[in-house]
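J.: one predicted model, sequence on top.
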2 protein chains.
Amino acid sequence: MIIDELIDKIKQMENPTVMGLDPRYELIPDEIKNKYGTDNAGICEAFLEFNQKLIDSVYDIIPAVKPQAAFYEAHGLEGIEVLKKTCEYAKSKGMFVILDAKRGDIGTTSVAYSKAYLEDGEFQIDFMTVNPYLGSDGIIPFVESCQKFHKGLFILVKTSNPSSDELQNLKLENGKTVYETVGELTENWGRHLRGKYGYSSVAAVVGATHPIQLKELREKMPNTFFLIPGYGAQRRKSRRYCFSF
Amino acid sequence: MIIDELIDKIKQMENPTVMGLDPRYELIPDEIKNKYGTDNAGICEAFLEFNQKLIDSVYDIIPAVKPQAAFYEAHGLEGIEVLKKTCEYAKSKGMFVILDAKRGDIGTTSVAYSKAYLEDGEFQIDFMTVNPYLGSDGIIPFVESCQKFHKGLFILVKTSNPSSDELQNLKLENGKTVYETVGELTENWGRHLRGKYGYSSVAAVVGATHPIQLKELREKMPNTFFLIPGYGAQRRKSRRYCFSF
């Protein structure tokens, strides 16, 4: 179970931090930028060197990186190639890779996304974030891929942005909120992928900007491992996230 | 307003159909497959020829195509290049392109996705599907890009898959459902992008497998243009969708 391996690594390093890899050109140091052109190809080369240097400087103390797909897709095919090489590089240094892609679709389309990122293909990824709005049809194909290919998921249960309340906090007639319901679904989706620590490889994103909700969800989701965005300062050059279990 | 141009085209063609472009190798005719190798490069060449032939055969009677990003991403960088070339080809034939990517994130990340697909960059796309689970923070950056770059969105309000009920149909304590609430948010998100027909370039995906819900939403969302998946038979080789306004 990949969640066991991740927890083993967190315990061994005594560090539950995840490093975001969200490259934006304006945040790349000049000593890297100046080596390359300012066209898209140059920007992408600078991104890759920046990511590799970040990985070099933390791989022995931080267990995982989380590249955000959007920042690579924003630079087209060359950007997506940097994403691929970044994942490869992080894996070569023994880090876990969480692709923050927030994909979510149904049936054969979810199978296609699983094939893209969770099977043993072009991208070397251990976990992917997925969006639950479409319900079980959208999640089960990913869970099946995780089972087959020794991978994991992070389901968006409660996100950390201010307007996440608009939908996720709505109170249902049964007294629960939408995000609590997603939390229950997530516990259930992950029930066959629980490992030796009792946690499932179907994990959850839970925004720590809402500590009371976090505590409640922890009680209601005893078998779900959490990824908490916005832990500590959201540093300008590399955002930090934290695992909680 | 791009929605006006789309509606003009639908009126002119007297056809509200959208052709899905969701290539899967097992569904490609042998006469195309046999021309290329069976490795990933060959599969991608077959996909492109198949898509181009589909476009050739309908561009004068159908106003829009909807490529599903997952089926291209499943074939890695070569697959994503086919997506890019498919969009280019459809545009060169005068068709509207709706990228079914169901992206959704927040703040600078949504800006990055907008940059990837809605700005005048590598991909020639008119509309993109987006997921509303993160609330306004996740949608506004896309809406702003639409305003600036003359593009549009389709927000997932009610999807057509069976388990969409699990979350989208939950009844809130105020008597509304989750999807009705998303519908109201969508009307509001699109209020500054309404065109001459009264419809906004911020449009909605509404599953026609639920005709009563469709009727209710039409009443509650008078300014929102609908994309209806699952209209008519979901043919094996190219799925059909329909606009409704």
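T.: Nice, I can see it. Residues are numbered from 1 along each chain as shown, chains lettered A, B, ... in the order given.
J.: which strands and helices sit next to the worst-scoring helix or strand of chain A on mean pLDDT?
T.: Using mean pLDDT, DSSP states H and E, the weakest-scoring helix or strand in chain A turns out to be strand A:240-244, at a mean of 75. When contacts are defined as 3 or more Cβ pairs under 8 Å, 6 or more residues apart in numbering or on different chains; DSSP states H and E, strand A:240-244 packs onto strand A:17-21, strand A:224-229. (C-beta placed from N, C-alpha, C; glycine too.)
J.: mean neighbour count, those strands: which tops it?
T.: strand A:224-229 (a mean of 24; mean count of other Cβ atoms under 10 Å in any protein chain shown).
J.: now render the helices and strands packed on strand A:240-244 as TSV, adding distance to chain B.
T.: What follows is those, written out as TSV (distance: least, Cβ to the nearest Cβ, whole Å):
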stretch	distance to chain B
strand A:17-21	10
strand A:224-229	10
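J.: let me have those in a markdown table, extended by distance to residue A:54 and mean pLDDT.
T.: Below are the helices and strands packed on strand A:240-244 laid out as a markdown table (distance: least, Cβ to Cβ, whole Å; pLDDT from 0 to 100):
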| stretch | distance to residue A:54 | mean pLDDT |
| --- | --- | --- |
| strand A:17-21 | 7 | 95 |
| strand A:224-229 | 18 | 93 |
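J.: I'd like those as a markdown table, with distance to residue B:187 appended.
T.: Formatted as a markdown table, the helices and strands packed on strand A:240-244 follow (distance: least, Cβ to Cβ, whole Å):
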| stretch | distance to residue B:187 |
| --- | --- |
| strand A:17-21 | 34 |
| strand A:224-229 | 29 |
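J.: nearest to residue B:44, of those strands?
T.: Smallest distance to residue B:44 across these (Cβ to Cβ): 27.4 Å, for strand A:17-21.
J.: partners of that closest one, with directions?
T.: strand A:64-67 (parallel), strand A:240-244 (antiparallel) (DSSP bridges).
J.: same list (the ones you listed) but as TSV, adding mean neighbour count.
T.: What follows is the strands paired with strand A:17-21, written out as TSV (neighbours: other Cβ atoms under 10 Å in any protein chain shown):
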stretch	mean neighbour count
strand A:64-67	24
strand A:240-244	19
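J.: mind putting the ones you listed in CSV, distance to residue A:213 included?
T.: As requested, the strands paired with strand A:17-21 are exported to CSV (distance: least, Cβ to Cβ, whole Å):
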stretch, distance to residue A:213
strand A:64-67, 21
strand A:240-244, 13
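J.: for residue B:69, find the nearest of those strands.
T.: Here strand A:64-67 is closest among the strands paired with strand A:17-21 (Cβ to Cβ), at 17.7 Å.
J.: for the helix or strand following that closest one, packing partners?
T.: Sequence-wise, the next helix or strand downstream of strand A:64-67 (DSSP states H and E) is helix A:69-73. Contact here means 3+ Cβ pairs under 8 Å, 6+ apart; on that basis helix A:69-73 packs against helix A:76-92, strand A:96-103, helix B:107-117.
J.: where in chain A is pLDDT low?
T.: A:208, A:210, A:231-240, A:245 (pLDDT under 70).
J.: which residues does residue A:56 contact?
T.: residue A:93 (Cβ atoms under 8 Å, 6 or more residues apart in numbering or on different chains).
J.: one more time with 10 Å, if that's ok
T.: By Cβ atoms under 10 Å, 6 or more residues apart in numbering or on different chains, residue A:56 lies in contact with A:89, A:93.
J.: and the one 5 residues further on, by the same measure?
T.: For residue A:61, the contacting residues are A:13, A:14, A:15, A:17, by Cβ under 10 Å, 6+ apart.
J.: please tell me how far it sits from chain B.
T.: From residue A:61 across to chain B, the span is 26 Å (Cβ to the nearest Cβ, to the nearest Å).
J.: max-length helix in chain A?
T.: Among the segments of chain A that qualify as a helix by DSSP state H, the longest is helix A:40-58.
J.: compute the inter-axis angle for that one and helix A:76-92.
T.: When axes from the mean of the first three to the mean of the last three Cα atoms, to 10 degrees is applied, the directions of helix A:40-58 and helix A:76-92 differ by 20 degrees.
J.: can I get helix A:40-58 in CSV? Just the C-alpha atoms.
T.: Extracted C-alpha coordinates of helix A:40-58, given in CSV (Å, rounded to 0.1, in the frame of the first residue of the first chain):
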residue,chain,number,x,y,z
ASN,A,40,8.7,30.0,-23.8
ALA,A,41,11.6,27.5,-24.3
GLY,A,42,13.9,29.6,-22.1
ILE,A,43,11.2,30.0,-19.4
CYS,A,44,10.7,26.2,-19.4
GLU,A,45,14.4,25.5,-19.1
ALA,A,46,14.5,27.9,-16.1
PHE,A,47,11.5,26.2,-14.5
LEU,A,48,13.2,22.8,-14.7
GLU,A,49,16.5,24.0,-13.3
PHE,A,50,14.6,25.8,-10.5
ASN,A,51,12.6,22.7,-9.6
GLN,A,52,15.7,20.5,-9.7
LYS,A,53,17.6,22.9,-7.4
LEU,A,54,14.6,23.0,-5.0
ILE,A,55,14.5,19.2,-5.0
ASP,A,56,18.3,18.9,-4.5
SER,A,57,18.0,21.1,-1.5
VAL,A,58,15.3,19.3,0.3
